[in-house]
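Trainee: here's a sequence, model it:
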Amino acid sequence: MSTNLPNADLPAPPATPAPAPAAPQAAGVALVAALGAAIVAGLAYGFVAKAIEREIGWAVIGIAAAVTFTLGRLGGRNPVLPVAGAVLSVLGLFFGQLFTMALFGHQEVGLSVTELLTSRLDLTFDVWKDGRDIIDVLFYAFAVYFGYTYTTKFAK
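Mentor: Residues are numbered from 1 along each chain as shown. Just a heads-up that it's a prediction; the model follows:
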């Protein structure tokens, strides 16, 4: 039994192109880039704090966003990266606060910012430590929270 299909001699429709392969995710590159983002965000924190003559603890959200966007976009869904996002966000805030102390210290004692962050880091750290209070603990907790959660949200 033979069946004649209508339009059997028409060419087959073109095949849909295969989706592009996902970009390879490199956790190592993401970590290095996020460390750079933490440093840059910490510098920005210090410059803004010096410009307005006070620290802004809520800037930790911006620090965490800079770090975690980098981690999530470059590193993908690697399970280690949210923890790294929390740690690097805390380090970014800590560096920003130390840099702020060095900027104010430069103005007060006349030592260079570089010197206050290298050979006289003990002095800068003591000033930083004396200026901390309970609200700083809250902002460090925010750094952990936002660093962890934003990394998972930004992951591809």
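
Trainee: what helix or strand is the most centrally placed residue in the chain located in?
Mentor: Residue closest to the average C-alpha location in the chain (C-alpha atoms, centre = their mean): Val67, at 0.4 Å. Element membership for Val67 (DSSP states H and E) is helix 60-75.

Trainee: mind listing what Val48 touches?
Mentor: If you count contacts by C-beta atoms under 8 Å, 6 or more residues apart in numbering, Val48 has them with Ile56, Ala59. (C-beta placed from N, C-alpha, C; glycine too.)

Trainee: can you tell me the element it falls in?
Mentor: Secondary structure from DSSP H and E places Val48 in helix 27-52.

Trainee: distance of Phe146 relative to Gln107?
Mentor: From Phe146 across to Gln107, the span is 31 Å (C-beta to C-beta, to the nearest Å).

Trainee: those two: which is more packed in?
Mentor: Under the neighbour definition other C-beta atoms under 10 Å, Phe146 and Gln107 were set side by side, and Phe146 has more, 22 against 10.

Trainee: in this protein, which helix is the longest?
Mentor: Secondary structure assigned by DSSP state H gives helix 81-109 as the longest helix of the chain.

Trainee: what packs against that one?
Mentor: helix 27-52, helix 60-75, helix 113-117, helix 121-130, helix 134-154 (3 or more C-beta pairs under 8 Å, 6 or more residues apart in numbering; DSSP states H and E).
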